[in-house]
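In: got a sequence here, can you build the structure:
(2 chains)
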Amino acid sequence: MGLDIRLPLGLLFLILGVIMVVHGAMTRGSDIYASSGGMNINLIWGLVMLLFGLIMFLAARRSSK
Amino acid sequence: MHLSLVDWLIMLVYFVFVLGIGFALKRYMRTSTDFFLAGRSIPAWVCGLAFISANLGAQEVIGMGASGAKYGIITSHFYWIGAIPAMLFVGLFMMPFYYGSKARSVPEYLRMRYDEKTRAINAFSFAIMTVFSSGISMYAMALLIQSLGLLHGIVPDHWVFHVSIVLSAVIVLGYIFLGGLTSAIYNEVLQFFLIVAGFLPLVWIGLRNVGGWQGIQHRLPATMTHSWRGMTHASTNSLGVEVVGLVMGLGFVLSFGYWCTDFLVIQRAMAAESEESARRVPIIASIPKMFFPFLVILPGLIAVSVTSHGAAANASPSLSQQAMPLDDAHPHGIIPPKIDPITGKATLDTNGNPVYNYDLAIPVMLLKFFPTGILGLGLTALLASFMSGMAGNVTAFNTVWTYDIYQSYIRKGASDEHYLWMGRMATVGGILLSIVAAYAATSFNNIMDALQLIFSMVNAPLFATFLLGMFWRRTTGHGAFAGLLSGTGAALIHHGLTRPADAAVGLHGGWIHTIHFYPSDMAQNFWTAIFAFSVNLIVTIAVSLFTNPRPEHELVGLVYSLTPKPVEKHMVWYERPIVLSISVIAVLVFLNLIFA
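Out: Alright, predicted model coming up:
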């Protein structure tokens, strides 16, 4: 149907990943992470989402060539 | 509750993408087939994820989380018994007829196989049901936004419910109106990944907090951490259902009746690019579906394992493993009590104990464990699940309305352009009717319960009609119609003659005369379905034997014995539906053994 779903999916996860990584970096060491056992979940999960988004985005670009 | 700027930013980005997909797909919507069936051009894996996402509405995420908190891991039967076998069956045996017959909807298949009156009964009941389901999703979402105070301080409190209804309606209307079924399917894929991304870290952090699965087993009663323990008798398990009722009622009649005949999910498989892909869609969908209990039921179990005074919160895994087990039969952990809207105090049961609001299991988990940032992601995932349920119902409604009602009974022979326009108008109409249903739910809660009950009685016998239609060439239209009506009648009579042991006469049954008590509501529902299915089966066979069947040449492509079997020799071995299905069954048996 003309649009490869992996393109918007990859882009969405890339953008959300960047937002979360930046927020995680800005709040490093903050007490907001007490509820998650001191783990900077924004930074960790943001990186995971960034990686997933990148894989999806590159897969879509590759198959469109 | 106050969200930070980053939480709002995450929500905003997601909703921009949702509407952006609708705009991007608008130019591809040239024919009614593009709008209603996605041009039958979508890859199997995309349709497969949409197949489960369309079902991943409010009832699933909030409801299964609540059941996990209330009943425990035994709730996984709704997946491992009540979904996977039926999904494999529809992929292996039924999709060739739905897809190969070129039917544009499930009611249209019934017309091709049987006759006009059988199609009409299915089309009208389905159209009404989808609008009510969409409305209930809308109502539940607005209620959640209101109770979490998401818009507190942004919108006056007395407007929050109305603003939530309008916002969700506008977003869903926007992307379906523009991009039709393709837009709904693409957004369901986004929603699927977002739900996984939002809930997976919740399970991870939650499990770390309570000391893993061993920690949960240590804190909760054994009936909540074993899925098959005590299933031999209804009084020895938390569901109040015995194994025959569970396997036959849920595992066969209700689950096959839903996954094999409900156009809401079948429509996603019909959008696949080929018959081979269409067969693989439900089988591919069954793979993530199998693991969904760990995403939606496990948070409920964690919520009742965490001690409300915070002993487990923030503790290291080794420390939390030393916590004393809760000796309550029904621990409540961090689940808040239900608040009486009139008095503002906790609701009490007849023994004076507080009644807990298990529906808030997942929301309170998000609020307890997620800091700002990932909290926005979790809440967006929650809202996405509500919207995917709404959109699934609206796309099914606009197709059935346009093809099976408008084109069949109101305006035949119009141009394709006209039906495309009508599809868009039906989308607007479906959303408006959903809003009416959502407000009806706020004012007439009992009426909505009664409607849900009647719909379940219409659905319960349905699978027998399809089973006989696809696998017995002798079945006739008169037989199918008489069977459907008799099955629904049998369900009503069974409900009127029985009721759960702890329920009063009325909506829970016994309104004719109580001749049998069931141990629980669930047991009564399962046995009502079994009776409805059995009566439909017997009546359909009996009437068919006394009426004339259709000539065999008219049934090619519609009945198993008269249709060429799908050829699989050219496919790679691991892509063959039968190989995929056997692999899924093997994993399913393994999961059942682990949690038995």
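In: spatially central residue for chain A, please.
Out: Geometric centre of chain A, nearest residue: residue A:17, 2.3 Å, by CA atoms, centre = their mean.
In: which residues touch stretch B:163-173?
Out: With CB atoms under 8 Å, 6 or more residues apart in numbering or on different chains as the test, stretch B:163-173 has contacts from B:15, B:18-19, B:138-139, B:141-142, B:145-146, B:151, B:155, B:383, B:386-387, B:390-391, B:394, B:427-428, B:431, B:434-435, B:438-439. In short, each C-beta sits where N, CA and C put it, glycine included.
In: picking up where we left off before, how much space between the residue nearest to the centre of chain A and chain B?
Out: Applying CB to the nearest CB, to the nearest Å, the value for residue A:17 to chain B is 9 Å.
In: right, and that residue touches residue A:57 too?
Out: No: if you go by CB atoms under 8 Å, residue A:17 and residue A:57 don't touch, sitting 10.9 Å apart.
In: pull the residues that contact the helix or strand of chain A with the lowest mean pLDDT.
Out: Every helix and strand in chain A was compared by mean pLDDT, DSSP states H and E; the lowest is helix A:41-64, with a mean of 91. Contact partners of helix A:41-64, identified using CB under 8 Å, 6+ apart, comprise A:4, A:6-7, A:9-25, A:27-28, A:33, B:193, B:197, B:201, B:205, B:370-371, B:373-374, B:377.
In: can you rerun that using 6 Å?
Out: Outside helix A:41-64, the residues that touch it by CB atoms under 6 Å, 6 or more residues apart in numbering or on different chains are A:4, A:6-7, A:9-10, A:13-14, A:16-17, A:20-21, A:23-24, B:197, B:201, B:373-374.
In: could you check the pLDDT of residue A:18?
Out: You'll see residue A:18 listed with a pLDDT of 96.
In: tell me the SS of it?
Out: helix (DSSP: H, G, I helix; E, B strand; the rest coil).
In: with residue B:332 instead?
Out: Assigned with three-state DSSP, residue B:332 falls in the coil class.
In: how about the contacts made by it?
Out: Residue B:332 makes contact with B:304, B:356, according to CB under 6 Å, 6+ apart.
In: what of the one 5 residues further on?
Out: Taking CB under 6 Å, 6+ apart, we find residue B:337 in contact with B:346, B:354, B:356.
In: would you confirm that the second one contacts residue B:345?
Out: No: when contacts are counted by CB atoms under 6 Å, residue B:354 is not listed as touching residue B:345 (9.6 Å).
In: out of the two, which sits in the busier spot?
Out: residue B:354 (14 against 10; other CB atoms under 10 Å in any protein chain shown).
In: please name the nearest non-neighbouring residue to that one.
Out: residue B:337 (4.0 Å; CB to CB, 6 or more residues apart in numbering or on different chains).
In: now swap in residue A:25 and tell me
Out: Residue nearest to residue A:25 in three dimensions, not counting chain neighbours: residue A:43, with 6.4 Å by CB to CB, 6+ apart.
In: count of neighbours near the one you found?
Out: For residue A:43, using other CB under 10 Å, the count is 20.
In: so which bits of stretch B:111-128 are buried?
Out: In terms of neighbour count (16 or more other CB atoms under 10 Å in any protein chain shown), stretch B:111-128 has its buried residues at B:111-115, B:118-128.
In: also near chain A: which of the residues you listed, exactly?
Out: With the criterion set as CB under 6 Å from any CB of the partner chain, no member of those is near chain A.
In: what about residue B:570, which SS state?
Out: coil.
In: now do it against chain A, distance only.
Out: For residue B:570, the distance to chain A (CB to the nearest CB) stands at 22 Å.
In: tell me the pLDDT of whatever residue of the stretch 451-596 of chain B ends up closest to chain A.
Out: Nearest residue of the stretch 451-596 of chain B to chain A, counting by CB to the nearest CB: residue B:575, 18.1 Å away. Residue B:575 is assigned 79 on the pLDDT scale.
In: from residue B:283, how far out is it?
Out: Separation of residue B:575 from residue B:283 (CB to CB, to the nearest Å): 10 Å.
In: neighbour count: the two, which is higher?
Out: Taking other CB under 10 Å, residue B:575 and residue B:283 do not tie; residue B:283 has more neighbours (27 against 12).
In: buried ones in whichever strand or helix holds the more buried one, by neighbour count?
Out: Assigned by DSSP states H and E, residue B:283 falls within helix B:275-291. The neighbour-count check on helix B:275-291 (16+ other CB under 10 Å) flags B:276-290 as buried.
In: out of these, who's nearest residue B:532?
Out: For these, the closest approach to residue B:532 (CB to CB) belongs to residue B:282, at 23.7 Å.
In: what are the ranges of the strands in the stretch 401-550 of chain B?
Out: For the stretch 401-550 of chain B, applying DSSP state E, counting those that start in this stretch gives strands covering B:498-500, B:516-518.
In: what about the stretch 251-400 of chain B, any weak spots by pLDDT?
Out: By pLDDT under 70, the low-scoring segments of the stretch 251-400 of chain B are B:307-330.
In: write out the residues of it neighbouring chain A.
Out: Near chain A, when you scan the stretch 251-400 of chain B using CB under 6 Å from any CB, you find B:314, B:369, B:371, B:373-374.
In: can you lay out those as a markdown table showing neighbour count and distance to residue B:183?
Out: Shown next, in a markdown table, are those (neighbours: other CB atoms under 10 Å in any protein chain shown; distance: CB to CB, whole Å):
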| residue | neighbour count | distance to residue B:183 |
| --- | --- | --- |
| B:314 | 14 | 43 |
| B:369 | 28 | 33 |
| B:371 | 22 | 33 |
| B:373 | 28 | 29 |
| B:374 | 30 | 28 |
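In: are any of the contacts of stretch B:163-173 buried, and which?
Out: Neighbour-count burial (16+ other CB under 10 Å) applied to those gives B:15, B:18-19, B:138-139, B:141-142, B:145-146, B:151, B:155, B:383, B:386-387, B:390-391, B:394, B:427, B:431, B:434-435, B:438-439.
In: point out the ones among those that are inside helices.
Out: B:15, B:18-19, B:138-139, B:141-142, B:145-146, B:383, B:386-387, B:390-391, B:394, B:427, B:431, B:434-435, B:438-439 (DSSP state H).
In: per-residue pLDDT of residue B:21, please?
Out: As predicted, residue B:21 sits at a pLDDT of 92.
In: hmm, back to that, buried stuff in the least confident helix or strand of chain A?
Out: A:41-46, A:49-50, A:52-53, A:56-57, A:60.
In: tell me, how many residues neighbour residue B:572?
Out: 8.
In: next up, phi/psi of it, please.
Out: Note on residue B:572: its backbone torsions stand at phi -60, psi 140 [degrees, to the nearest 10].
In: distance of residue A:58 relative to residue A:6?
Out: 9 Å.
In: kindly report the same for residue B:477.
Out: 45 Å.
In: once you drop chain neighbours, what's closest to residue B:496?
Out: Computed as CB to CB, 6+ apart, the closest residue to residue B:496 that is not its neighbour in sequence is residue B:512, at 3.5 Å.
In: okay, now residue B:530: neighbour count?
Out: 22.
In: so for it, what's the pLDDT?
Out: In this prediction residue B:530 is given a pLDDT of 94.
In: before we move on, the earlier item: for the contacts of residue B:337, which one is nearest residue B:422?
Out: Nearest to residue B:422 among the contacts of residue B:337, with distances taken as CB to CB, is residue B:356, at 47.0 Å.
In: what residues sit buried inside the one helix or strand residue B:584 maps to?
Out: Using DSSP H and E, residue B:584 sits in helix B:577-594. By neighbour count on 16+ other CB under 10 Å, the buried set for helix B:577-594 is B:577, B:580-581, B:584, B:588, B:591.
In: and the contacts of it?
Out: If you take CB under 6 Å, 6+ apart as the criterion, helix B:577-594 is touched by B:80, B:84, B:88, B:91-92, B:279-280, B:283, B:286, B:573.
In: okay, angle between it and helix B:275-291 too, please.
Out: With axes from the mean of the first three to the mean of the last three CA atoms, to 10 degrees as the basis, helix B:577-594 and helix B:275-291 are set at 10 degrees to each other.
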